[in-house]
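Novice: Fold the following and give me the result.
(chains A and B)
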Amino acid sequence: MQSYHSHPLNRIFLGLTILVAMINLWLIYQVAPLVVDQEMAQKIFYYHVPLAWNAFLAFGLVAVTAALYLVKNDPKWDIWSLAGAEVGVLFAALILVTGPIWATPIWGKPWSWEPRLTTTLVLFLIFLGYFMVREFGGPYERSSRYAAVIGLLAVIDIPLILLAVKWWTPEVQSHPQMEMGNQPSAVLYVFFFSLFSFTLILIHMIRYRWHVRRLVHSNLMEQEGGSHV
Amino acid sequence: MNFWAILMKDLRMELRTRESLAVMTVFALAVILLFSFAFDIGMNRFPSFVPGLMWLTYFFTAVLGLIRSFGWEKELDAWDILLTSPVDRSMIYLGKCAAFFIFLLLAQLISLPFFMLFLGLPLLAAPLSFIAILLTVDGAIAAVGVLIAGMSHRTPAGETLLPILLFPTLTPVLIAATKATTTALASKPFQEWDFWLMLIVTFLVLFVLAGAFIFDYIAEQ
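Specialist: All right, here's what the predicted structure looks like:
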């Protein structure tokens, strides 16, 4: 069995991801100007928002591959789905940490039921259930199929959760009150670079988890005498 | 019609055993009593959190009912027999949804007067609005509940997974149901809570469709 990083292309991709992440750090702390009123607290915005975009990208992948797995019954899609869910949940956890860190100095309290953050929390809970189904769901194929259903339901649920929380707390500011258009263009460029950097990290992590999960799967199939991916 | 066959099967079993209804009703009553003590609510007052308590109570009641509803299918391998019968899987899903919807509604009809009596819920302030909310929310709970219970009853972890998967998924319904009930019972005009009703109906339609489509893939032998 080849390890993921023994493949030269994967090594190059890892190097590129790390390089871009280092440049990203330098840009955030050295190049991007301080935003009026927020000062250093605003810097976490360059992590928080790209993390959020990418987490939902990962959950999108979970939904699409889960649907493909249910319809085509090909384990390949199930492994993609699981890899996406793992990285998506990790990113969601980071969103839930970085959000309150930003909100504490700016809004004066860590948690104020901001709709997007609350939606992430509910989604995080649903995906914890997703992993419980994987873990305690019985035979591999059955628990995979059940998990696929949960992943699909979770993503169908996202817009409804977001709407419900938004209407539930109409008085809460729905976003860091920061007009992107009014900021110096350097803020915008650094933000997009950070988005690019985190997308690279996401792709790398999902590909890595996919590799590991595929090994686990083929090991399992060997033990059960089933078919390979 | 297969749908009616499944529905009548569940109703007939309930009529003979009265198990689901007894469990759900007694549980709801016990919780109402405990809530009355825990929150120290006097008569003639309507604390704003009572609609939330009511819906939480029915969420838990629904879990018990779902466990019972699929408990029958476990015994004597009834589920496998049901799946080998020449019935469209989505009809099994819709039939079980309808049966569970009726059980939940009956349990509520029996226990709701106690919410009025003990916790001061002013249901008579807007009875029609409340019925509309009740029917749609019960439908939404049934749509997701039967789908998830249809999976969880087949796992070794069994019923413990059901609330863990069900409650987060139902978050928007709980928020909408609580807000709609609070606003409607305060005799506010329909325009002030119609969007909540729309949200519940959207959830209901979306998840009934998803359930009918997906049930085929989870209902394996």
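
Novice: Please spell out which residues along stretch A:22-42 are buried.
Specialist: Across stretch A:22-42, burial judged by 16 or more other CB atoms under 10 Å in any protein chain shown covers A:N24, A:L27, A:I28, A:A32, A:V35, A:Q38, A:A41, A:Q42. To be clear about C-beta, it is placed using only N, CA and C from the backbone, and glycine gets the same treatment.

Novice: buried ones in stretch B:134-151?
Specialist: Buried, per 16+ other CB under 10 Å, within stretch B:134-151: B:134, B:136-151.

Novice: swap that for stretch A:207-218, sorry
Specialist: Neighbour counts using 16+ other CB under 10 Å place A:R207, A:Y208, A:R209, A:W210, A:H211, A:V212, A:R213, A:R214, A:L215, A:H217, A:S218 of stretch A:207-218 among the buried residues.

Novice: Now that stretch: average pLDDT?
Specialist: The predicted model assigns stretch A:207-218 a mean pLDDT of 92.

Novice: Chain A contacts on chain B?
Specialist: Residues of chain B found near chain A (CB under 8 Å from any CB of the partner chain) are B:144, B:147, B:151, B:154-157, B:161, B:164-165, B:168-169, B:171-172, B:175-176, B:179, B:195-196, B:199, B:202-203, B:206-207, B:210, B:214, B:217-218, B:220.

Novice: So which of these are in strands?
Specialist: Among the residues of chain B next to chain A, no residue falls in strands (DSSP state E).

Novice: so what's the most centrally placed residue in chain A up against?
Specialist: In chain A, the residue lying closest to the centroid (CA atoms, centre = their mean) is A:A55, at 2.2 Å. When contacts are counted by CB atoms under 8 Å, 6 or more residues apart in numbering or on different chains, A:A55 is found next to A:G88, A:F91, A:A92, A:I95, A:T120.

Novice: what's the pLDDT at the closest residue to it other than its chain neighbours?
Specialist: What sits nearest to A:A55 in space, not counting adjacent residues and going by CB to CB, 6 or more residues apart in numbering or on different chains, is A:F91, at 3.7 Å. Note on A:F91: pLDDT of 96.

Novice: count of neighbours near A:R11?
Specialist: Using other CB atoms under 10 Å in any protein chain shown, A:R11 has 12 neighbouring residues.

Novice: what does the helix or strand hosting it contact?
Specialist: Using DSSP states H and E, A:R11 maps to helix A:8-26. Applying CB under 8 Å, 6+ apart, the set of residues contacting helix A:8-26 from outside is A:Y4, A:H5, A:Y46, A:F193, A:S194, A:F196, A:S197, A:L200, A:I201, A:H204, A:R207.

Novice: and stretch A:152-168, what's its mean pLDDT?
Specialist: On average, stretch A:152-168 scores 91.

Novice: hmm, that stretch in reach of chain B?
Specialist: Yes. Counting by CB under 8 Å from any CB, chain B has neighbours in stretch A:152-168: A:L152, A:L153, A:A154, A:I156, A:D157, A:L160, A:I161, A:L163, A:A164, A:V165, A:W167, A:W168.

Novice: can you pull out the strands in chain A?
Specialist: Applying DSSP E to chain A gives no strands.

Novice: residues touching B:V144, list them.
Specialist: By CB under 8 Å, 6+ apart, the contact set of B:V144 is A:L153, B:L166, B:T169, B:L170, B:F207, B:G211.

Novice: which one among these gets closest to B:V63?
Specialist: Nearest to B:V63 among the contacts of B:V144: B:L166, at 6.6 Å, using CB to CB.
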